[in-house]
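Trainee: Next input, structure requested:
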Amino acid sequence: MTIKFQRIPSPNGRVSELPRFATAGSAGADLCANLDEPLTLSPMGRAMVPTGLALELPDAQHGAFVFARSGLAVKHGLALSNGVGVIDSDYRGEIRVGLVNLSPESYTIQPGERIAQLVVMPVVQFSASEADALEETSRGSGGFGSTGRE
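Mentor: Now for the predicted structure:
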């Protein structure tokens, strides 16, 4: 599948790289910070980081999802402030990544640094239907650790 991307220059004219897969087996393509200067996130600080990219998904049966980079999350405490970013098929604006620093130490994002991963996946738009009851299962309404060790 080919996805069209439009580059959106930073205020000082910096142009971001197109998303790339780091390895042949990568599920997510790297998104980079399209910053004109370094951006420091203090502990518990949040920022919307521009990527300098907009995209065109082929149809409503596909969505683009922004996930954290595991190295930044595990080693430095940088996570997505909204958990997972969802990009709808009809959105044409710049992809911006909401980051939060959950570490007790400040972290500085450098211009061009890889900050998140973009995954394109099939999605199903469903019709909601109200029901008086749902089919029984062996699990039932058990959740949050009901199937074993939490």
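
Trainee: centroid residue for this structure?
Mentor: By Cα atoms, centre = their mean, the mean C-alpha position of the chain lies nearest to residue 66, the distance being 1.6 Å.

Trainee: Would you map the helices across the chain?
Mentor: 70-76 (DSSP state H).

Trainee: any idea which residue of it is furthest from its center?
Mentor: Of all residues in the chain (Cα atoms, centre = their mean), residue 132 lies farthest out, 36.2 Å.

Trainee: Per-residue pLDDT of that residue, please?
Mentor: Note on residue 132: pLDDT of 95.

Trainee: need the contact list for it.
Mentor: By Cβ atoms under 8 Å, 6 or more residues apart in numbering, the contact set of residue 132 is empty. In short, each C-beta sits where N, CA and C put it, glycine included.

Trainee: Residue 93 now?
Mentor: By Cβ under 8 Å, 6+ apart, the neighbours of residue 93 are residue 54.
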